[in-house]
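Peer 1: Pasting the sequence and the predicted coordinates here, then a few questions.
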Amino acid sequence: MEVILIRHLATPGNEKRQYIGRTDESLSGCAVSAFREQQGGPAAVPYPRIQCLAASPMRRCQQTAELIWPEVTVQTDPLLRECDFGRFEGKTYEDLKDEPDYIRWMESGGMTAFPEGESQEDFRARCELGVRKWIRRWIEEGVDRAAFVVHGGTIMAALSRMAEGEHSFYDWQAGNGCGYLAEADEEEWKSGTEVLRHIRQIG
C-alpha cells in the first residue's frame, strides 16, 4: 500500500513566519491562487490519485485536501493536529529571540516543552498514533493508496518514528503543499512490523 503525507498550503501566519499550531487559520488567498496557477501549468506537482484521505481537522488542512483531491471525501482526526505552541503561538523568531524560555527551547534542539503548550514527546506520540491508526484501517479495508493532509510537524513526528533506517525529526521537513510518498507492506503491518519504506519526496 502507498501512503502519501502532504503538508497544507500556506496560511497568512506561515507567510509571516509565525508559529501557528492551535490557531485555526484558513489558507492564504495568495497561496490558493498560486497553487491553482501552478497546477494548471508545466510546474504542476504530480499528486497521485488516491482512494482515501485523512486530514487534521484544522481548516488549513481540510481546504488543502479539497484543493488537491476534490473528488475524495475528507475524514478528519484530532490526533493529526499540529503541536500546541503555547506562549509561542502566533509569534515569530524576531518576537521571541530574546526570551529566556525560547532560548532554552532552541538550545535543547526543540525538545523541551512549549511554555503552557504541548510537550514534544506527547506531540510526537500523538501524531504517530494517529498515522498508525489510519494505515492499519486502510490495510484492513484493502486500500491501495491513501493520503494524509496534515501539518509540517505532524509529518516530521510520524516519519521520524516510523520510517525505515535512522532519522531525526528535522530530516522530514516539507514545504507547503509538499510531502512524501511511502510504502507500507501489508503483510509486514499485519504481522506487527509497522515500518514505512522506500520514502520519496513529492513536490
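Peer 2: Thanks, I have the structure now.
Peer 1: Next, the distance between the ends of stretch 52-68.
Peer 2: Criterion CA to CA, to the nearest Å; first-to-last residue distance in stretch 52-68 is 13 Å.
Peer 1: correction: stretch 189-198
Peer 2: OK, stretch 189-198 end separation, CA to CA: 15 Å.
Peer 1: residues of it that come out buried?
Peer 2: Neighbour counts over stretch 189-198 (16 or more other CB atoms under 10 Å) mark 189, 194, 196 as buried. Bear in mind the C-beta positions are built from the backbone N, C-alpha and C, glycine included.
Peer 1: Mean confidence (pLDDT) on the longest helix seen in the chain, please.
Peer 2: Longest helix in the chain, counting residues (DSSP state H): helix 120-140. On average, the pLDDT along helix 120-140 is 97.
Peer 1: again with stretch 144-154
Peer 2: For stretch 144-154, the mean per-residue pLDDT is 98.
Peer 1: and what of stretch 53-72?
Peer 2: 98.
Peer 1: how distant is that stretch from the center of its chain?
Peer 2: Stretch 53-72 sits 12 Å away from the centroid of its parent chain (CA atoms, centre = their mean, to the nearest Å).
Peer 1: before we move on, back to that, dump the buried residues of stretch 189-198 to JSON lines, plus distance to residue 57 and pLDDT.
Peer 2: What follows is the buried residues of stretch 189-198, written out as JSON lines (distance: CB to CB, whole Å; pLDDT from 0 to 100):
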{"residue": "189", "distance to residue 57": "25", "pLDDT": "97"}
{"residue": "194", "distance to residue 57": "24", "pLDDT": "97"}
{"residue": "196", "distance to residue 57": "23", "pLDDT": "98"}
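Peer 1: Now distance to residue 89 and secondary structure too, for the residues you listed, in CSV please.
Peer 2: Converted to CSV, the buried residues of stretch 189-198 look like this (distance: CB to CB, whole Å; DSSP: H, G, I helix; E, B strand; the rest coil):
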residue, distance to residue 89, secondary structure
189, 35, helix
194, 32, coil
196, 30, strand
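Peer 1: thinking again about what came up before, show me what the longest helix of the chain is packed against.
Peer 2: Under the contact definition 3 or more CB pairs under 8 Å, 6 or more residues apart in numbering; DSSP states H and E, helix 120-140 sits against strand 2-7, strand 52-55, strand 145-150, helix 152-162, helix 186-190.
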